[in-house]
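Engineer: Quick one: sequence and predicted model below, then my questions.
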Amino acid sequence: MTKEPPDYYSVGGIEVRKVIEAKAKAATGILSGDVLYHWITSIKYLLRAPFKENFTKDINKCIDHLRWALELYGNK
């Protein structure tokens with residue numbers, strides 16, 4: 001049994017998962033490991049934020065993940 005994702009995952013007819021998969025594939029080799037993870041996670045929060053109950057919470061999560069990606073990337 002497959003669970004249907006919430007509506008905010010596919011607003012505009014494009015699933016957030018599909019966008020993330022395409023961008024992650026394109027960034028592999030440029031970014032890796034934890035930097036790639038935090039960058040991808042920030043995209044997820046950014047894309048979903050306008051369609052969720054608490055916009056500010058998701059934007060702050062996006063910013064947190066971008067900061068962590070930058071911290072890790074800056075240490076390479």
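Structural biologist: Looks like it came in fine. Numbering: from 1, shown residues only.
Engineer: Which stretches in this structure count as helices?
Structural biologist: Using DSSP state H, the helices of the chain run over 16-27, 33-48, 55-74.
Engineer: Highest mean neighbour count out of those helices?
Structural biologist: helix 33-48 (a mean of 18; mean count of other C-beta atoms under 10 Å). Yep, even glycine has a C-beta here, placed from its N, CA and C like the rest.
Engineer: CA atoms only for the helix-or-strand element of the chain with minimal mean pLDDT - export them in PDB, please.
Structural biologist: Within the chain, no helix or strand scores below helix 16-27, which has a mean of 93 by mean pLDDT, DSSP states H and E. The C-alpha coordinates for helix 16-27 follow below in PDB (Å, rounded to 0.1, in the frame of the first residue of the first chain):
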ATOM      1  CA  VAL A  16       9.500  18.100  -4.800                       C
ATOM      2  CA  ARG A  17      11.100  14.600  -4.800                       C
ATOM      3  CA  LYS A  18      11.600  14.800  -8.600                       C
ATOM      4  CA  VAL A  19      13.200  18.200  -8.500                       C
ATOM      5  CA  ILE A  20      15.500  17.100  -5.700                       C
ATOM      6  CA  GLU A  21      16.500  13.900  -7.500                       C
ATOM      7  CA  ALA A  22      17.300  15.900 -10.700                       C
ATOM      8  CA  LYS A  23      19.300  18.500  -8.900                       C
ATOM      9  CA  ALA A  24      21.200  16.000  -6.700                       C
ATOM     10  CA  LYS A  25      22.200  14.000  -9.700                       C
ATOM     11  CA  ALA A  26      23.500  17.100 -11.500                       C
ATOM     12  CA  ALA A  27      25.400  18.200  -8.300                       C
END
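Engineer: contacts for that helix?
Structural biologist: Identification of contacts with helix 16-27 by C-beta atoms under 8 Å, 6 or more residues apart in numbering yields 5, 9-10, 36, 39-40, 43-44, 47-48.
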